[in-house]
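Trainee: From the sequence below, what's the structure:
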Amino acid sequence: MGITSDLKVLYHMTMKPIRGRSHADRLESFYAGQADAYDSFRRRLLRGREELWRQIPVPANGVWVDMGGGTGSNLEYLGDQIAELSKAYVVDLSPSLLEVAARRAQENGWSQVSTVEADATTFRPAEGAADVVTFSYSLTMIPDWFAAIDNALAMLKPGGVIAVVDFYVSRKHPADGHRKHRWPTRTFWPTWFANDNVFPSADHVPYLHRHFDPSHFEEQRAKVPYLPFVRTPYYAFVGKKRQATE
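Mentor: Numbers count the residues shown, from 1 in each chain. Okay, here's the model as predicted:
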């Protein structure tokens, strides 16, 4: 993958109109023409994914649900540990991305991986519960994102793990110990990303901290390809579902 594929992705990100009546239609409109070139470009834009995956304990015979998992590339960060899972679901609303994910699973011999075209706010695994639920740069693309987190909370077993990495902006007055972004940052990035129906929120981080017990949290900035002096803010969060109390 080189400059030609990058230009193709950049065209779809910055110039191609996104059309569709439903959220699923708009996602497919955005991704259909760039699905095969998606991973190469996003690997340089979507930082923190591999580092986050290293923070997630892989449960023996566990069920892992990757919400908005797209092409399934995140599962490669598990390496040989993927064999320890009884089931892994790649859930997405874009059939074009899921075709790439299914191809990847077949090529890697991941017999425990299933691709599912479904909504992150309503999907539940056939097993009824999950040990791990992940959102990798997908929460900002889910209009009802808090419902997606609530759904993850409901499907997780007590003590189960949620992990999220995504773009964000801070609140004007964040909690103690959390990074505070200046007004230009809090204004520019939501406006810029909105062109692609990506909505960095100041409420992701507080909502996750409120509903889960955090085991890992960091706030960083990432380079943007072809924009050498631009850094976009992102966060990485790993938390556990609280044990039920009587």
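
Trainee: could you give the mean pLDDT of the longest helix belonging to the chain?
Mentor: In the chain, assigned by DSSP state H, the helix with the most residues is helix 95-108. Across helix 95-108, pLDDT averages out at 92.

Trainee: How about stretch 138-157?
Mentor: 95.

Trainee: Any idea how far the host helix or strand of residue 210 is from the middle of the chain?
Mentor: Assigned by DSSP states H and E, residue 210 belongs to helix 204-211. Distance of helix 204-211 from its chain centroid, counting by CA atoms, centre = their mean, to the nearest Å, is 16 Å.

Trainee: on that earlier part again, report the next helix or strand after the longest helix of the chain in sequence order.
Mentor: Next along from helix 95-108, by DSSP H and E: strand 113-117.

Trainee: now that following strand and helix 95-108, what's the angle there?
Mentor: Comparing the axes of strand 113-117 and helix 95-108 via axes from the mean of the first three to the mean of the last three CA atoms, to 10 degrees yields an angle of 170 degrees.

Trainee: Could you list every helix and strand in contact with the next helix or strand after strand 113-117?
Mentor: Later in the chain than strand 113-117, the nearest helix or strand by DSSP H and E is strand 130-136. Counting contacts by 3 or more CB pairs under 8 Å, 6 or more residues apart in numbering; DSSP states H and E, strand 130-136 is packed against strand 63-67, helix 145-155, strand 156-167. All C-beta atoms are positioned from the backbone trio N, CA, C, and that covers glycine.

Trainee: now the most centrally placed residue in the chain: how far from residue 50?
Mentor: Against the mean C-alpha coordinate of the chain, by CA atoms, centre = their mean, the closest residue is residue 136 at 1.9 Å. Per CB to CB, to the nearest Å, residue 136 is found 10 Å from residue 50.

Trainee: so the residue nearest to the centre of the chain bridges to which residues?
Mentor: Note on residue 136: beta-bridge partners by DSSP bridges are residue 165.

Trainee: and it, what is it in contact with?
Mentor: Going by CB atoms under 8 Å, 6 or more residues apart in numbering, residue 136 touches 46, 49, 52, 66, 68, 69, 74, 164, 165, 166.

Trainee: one more time with 10 Å, if that's ok
Mentor: By CB atoms under 10 Å, 6 or more residues apart in numbering, the contact list for residue 136 reads 42, 46, 48-49, 52-53, 66-70, 73-74, 77, 163-166, 236.
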